[in-house]
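Novice: No letters, just coordinates:
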């Protein structure tokens with residue numbers, strides 16, 4: 001249990017230097033953390049239960065709070081090019097979709113630029129994504145395996161780049177198709193007529 005002093009928002013704000021207190025948006029961001037601290041319904045057990053999705057009922061509010069902390073929302077608008085036309089979609093995410101979005105945003109916020117981190121996100125949220133360079137050195141093509149478990153919202157989030165951990169200066173091309181229909185060389189130096197197909 002926190003004593004009354006530790007429950008006061010002013011207790012923490014008074015400890016910040018003046019330049020931080022006057023920084024744009026800092027007090028609003030601080031308020032999010034403070035609300036989690038004092039909200040007795042947001043215990044650590046509730047948070048872990050929400051993240052495990054072991055209980056599919058009564059976790060919406062906890063997931064929404066976690067999402068707000070990392071900068072994502074359950075309801076959002078996304079856009080991407082469809083047949084050369086910029087198309088907009090409004091999404092309302094399920095708990096499972098929101099959890100994938102939260103995990104991606106956490107990795108995006110802590111990304112240090114390694115390919116391992118880039119690839120780790122897709123495996124951690126349960127997607128199979130093929131990554132390869134294009135003829136343009138500043139472009140990377142990402143192809144998500146089109147499987148039955150993909151939801152419409154998952155496809156929208158992937159195609160709009162929201163599931164992508166980005167590197168500065170790189171353009172990402174997103175598409176979805178069955179990876180089994182693609183031929184993949186077994187080694188990067190493979191050429192026609194003297195190589196084997198990969199698994």
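Specialist: That came through, no problem. Nothing here was measured: the structure is a model prediction, and the numbers come from that model.
Novice: helix or strand right after the helix or strand of the chain with the lowest mean pLDDT?
Specialist: Least confident element among the helices and strands of the chain, by mean pLDDT, DSSP states H and E: helix 44-52 (a mean of 62). Downstream of helix 44-52, the next assigned helix or strand under DSSP states H and E is helix 60-70.
Novice: Going by neighbour count, which residues of that following helix are buried?
Specialist: 62-67, 69 (16 or more other CB atoms under 10 Å). Where C-beta positions appear, they are placed from N, C-alpha and C, glycine not excepted.
Novice: got it, and stretch 102-121?
Specialist: Buried-residue list, stretch 102-121, by 16+ other CB under 10 Å: 102-108, 118, 121.
Novice: Mind checking the pLDDT average for stretch 144-159?
Specialist: Per-residue pLDDT values across stretch 144-159 average out to 93.
Novice: now it, how far from the centre of its chain.
Specialist: A distance of 14 Å separates the centroid of the chain from that of stretch 144-159, by CA atoms, centre = their mean, to the nearest Å.
Novice: Quote the end-to-end distance of that stretch.
Specialist: End-to-end distance for stretch 144-159: 9 Å, by CA to CA, to the nearest Å.
Novice: pLDDT averaged over the strand or helix carrying residue 28, what's the number?
Specialist: For residue 28, the host element (DSSP H and E) is helix 26-38. Here helix 26-38 scores 74 as its mean pLDDT.
Novice: Can you read off the pLDDT for the spatially most central residue of the chain?
Specialist: Central residue of the chain (CA atoms, centre = their mean): residue 104, 2.2 Å from the mean position. Residue 104 is assigned 87 on the pLDDT scale.
Novice: Just say helix, strand or coil for it.
Specialist: Following DSSP: H, G, I helix; E, B strand; the rest coil, residue 104 is assigned to helix.
Novice: Just list the residues touching it, thanks.
Specialist: 121, 125, 162-163, 165 (CB atoms under 8 Å, 6 or more residues apart in numbering).
Novice: which stretches of this structure form strands?
Specialist: Along the chain, counting by DSSP state E, strands occupy 75-82, 85-92, 129-133, 139-145, 171-177.
Novice: Just send these back as JSON lines, with mean neighbour count and distance to residue 152 too.
Specialist: Output for the strands of the chain, formatted as JSON lines (neighbours: other CB atoms under 10 Å; distance: least, CB to CB, whole Å):
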{"stretch": "strand 75-82", "mean neighbour count": "13", "distance to residue 152": "12"}
{"stretch": "strand 85-92", "mean neighbour count": "12", "distance to residue 152": "9"}
{"stretch": "strand 129-133", "mean neighbour count": "14", "distance to residue 152": "18"}
{"stretch": "strand 139-145", "mean neighbour count": "17", "distance to residue 152": "13"}
{"stretch": "strand 171-177", "mean neighbour count": "14", "distance to residue 152": "11"}
